[in-house]
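Undergrad: The following block contains a protein sequence and its predicted model.
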Amino acid sequence: MTLGLATAGESHGPALVAILSGLPAGLTLDRAAIDADLGRRQQGYGRSPRQQLETDRVEVLAGLRHGVTLGTPLALVVRNLDHKNWDWGMSPWPSEGEPAGKGTKPVTLPRPGHADLAGVLKYGHEDVRNALERASARHTAVHVAAGAVAKALLAELGIAVAGRATEVGGATGDEGMREATDAARSDRDTLGGIVEVVATGVPPGLGSYAEKADRLDARIAAALMGIQAVKAVEIGDGLALARERGSQAHDEIDPGLVRRSNRAGGIEAGVSNGEAIVARAAMKPLPTLMRPLDSVDLATGEPAQALVERSDVQAVEALAVVAESAVAWELARAAREKFGGDALVDMIAAHRFYLARIGETWRR
Ligand SMILES: Cc1cc2nc3c(=O)[nH]c(=O)nc-3n(C[C@H](O)[C@H](O)[C@H](O)COP(=O)(O)O)c2cc1C
């Protein structure tokens, strides 16, 4: 048994939904903690005004009773409060009355770097909006809600996951990142950056070297690369290791199974080794520019400027929250596979039994 996650929802449709399967029964969820993570995703310097328009809140439709999971699929909803402005344009059923509000005119100006051109070609859409609405990172909101549930499960096993932005547009430090953002905003340009996720308390033995799809490093890399705008992932010292000698690249083992370093980022042979798991993701500059890039009008085939739509200057801090959620989900999934448990008490007991078997030397 493992955890399953299915999501649906368009950026300006009525709502985003997620169904989480495989959660053990007996896990207490804190609504305020889930909403706090949704709030963190909406914050950060450089976000668009949309984030002030909407305050995301989680609703639960199934799988929870009096705040405790039932062991049945958990159905989460995050409503798009902005949908009221797109009522006609994003109506799931044929719209009634005169066109009103946003999204009434087809978009035919694909943005380089977004889903627009590939999406219309792949699905045969005439309106680019039919592609961009789902490709947009808006639906990371329900992934963050799912990640908050995963973090609640991991906390029962003493595992904590935290993400932070470390670089924006090549600049580091809060001040530097803000300055870089302000400069890009005044040039009507956009930026990318780097985030780092660290998971502590992870026992050795999550993941597997037996099949490539089961490797924890591969799973974490896929989870991070699956986030919009992420173009590179690093585990531990990743790229730098390629330039080192073997004598400088590995984490020597002292008596008591203590490591002298953590260059591997907590994973060896696709299996957690008890050290902190460290993963980084690199985000490209956002593709919607207020000073649009050259493109082609799909209606005429003539040169044109790409679509300009309300957009972030950079969303690196938001990515840190989304990346934290993605890593948490993947670790919770790996823990569920290792420790099983239809009931949370069974899972905790299996975890304790395992720690007793291997000794607690890895935990510092
Ligand atoms: C949290 C977050 C917020 C984003 N906000 C924007 C945005 O405001 N404008 C934009 O053009 N792209 C934004 N993106 C990036 C696009 O969604 C992404 O570049 C696009 O879907 C194409 O996918 P790709 O970059 O992975 O190729 C955001 C991504 C994330 C993770």
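TA: Happy to help now that I have it.
Undergrad: burial of the closest residue to residue 254 other than its chain neighbours, as a residue count?
TA: The spatially closest residue to residue 254, leaving aside those adjacent along the chain, is residue 260, at 6.4 Å (Cβ to Cβ, 6 or more residues apart in numbering). Every C-beta, even on glycine, is put in place using the N, C-alpha and C of the backbone. By the criterion of other Cβ atoms under 10 Å, residue 260 has 10 neighbours.
Undergrad: do residue 359 as well
TA: Close neighbours of residue 359, defined as other Cβ under 10 Å, add up to 10.
Undergrad: distance of the nearest residue to it once chain neighbours are set aside from the ligand?
TA: Of all residues not flanking residue 359 in the chain, residue 257 sits nearest, at 7.8 Å (Cβ to Cβ, 6+ apart). Computed as Cβ to the nearest ligand atom, to the nearest Å, the residue 257 to the ligand distance reads 38 Å.
Undergrad: Can you read off the backbone torsions of residue 257?
TA: Taking degrees, to the nearest 10, you get phi 60, psi 30 for the backbone angles of residue 257.
Undergrad: picking that back up, per-residue pLDDT, the residue nearest to residue 254?
TA: Residue 260 carries a pLDDT value of 96.
Undergrad: Can you give me the end-to-end span of stretch 121-138?
TA: End-to-end span of stretch 121-138 (Cα to Cα, to the nearest Å): 22 Å.
Undergrad: Would you mark the buried spots in that stretch?
TA: Going by neighbour count (16 or more other Cβ atoms under 10 Å), the buried part of stretch 121-138 is 125, 127-138.
Undergrad: got the contact list for that stretch?
TA: 9-13, 16, 80, 89-90, 103, 106-110, 114-120, 227-229, 298, 307, 315, 318, 322 (Cβ atoms under 8 Å, 6 or more residues apart in numbering).
Undergrad: got a pLDDT number for the closest residue to residue 178 other than its chain neighbours?
TA: Excluding its sequence neighbours, the residue lying closest to residue 178 (Cβ to Cβ, 6+ apart) is residue 45, at 5.5 Å. Residue 45 is assigned 90 on the pLDDT scale.
Undergrad: again, but for residue 49
TA: The model reports residue 49 with a pLDDT of 74.
Undergrad: C-terminal to the lengthiest helix in the chain, what's the next element?
TA: Identified as the longest helix of the chain according to DSSP state H is helix 316-339. Next along the chain after helix 316-339, taking DSSP states H and E as the criterion, comes helix 344-358.
Undergrad: Please state the backbone phi and psi of the closest residue to the ligand within the stretch 51-200 of the chain?
TA: For the stretch 51-200 of the chain and the ligand, the shortest gap (Cβ to the nearest ligand atom) falls at residue 137, measuring 3.3 Å. The phi/psi pair for residue 137 (degrees, to the nearest 10) reads phi -80, psi 0.
Undergrad: Could you check how far the residue minimising distance to the centre of the chain is from residue 316?
TA: Geometric centre of the chain, nearest residue: residue 322, 3.1 Å, by Cα atoms, centre = their mean. Remark: distance between residue 322 and residue 316 (Cβ to Cβ, to the nearest Å) = 10 Å.
Undergrad: Kindly report the same for residue 189.
TA: 15 Å.
Undergrad: higher neighbour count, the two?
TA: Comparing residue 189 with residue 316 by neighbour count (other Cβ under 10 Å), the higher total belongs to residue 316, at 29 against 16.
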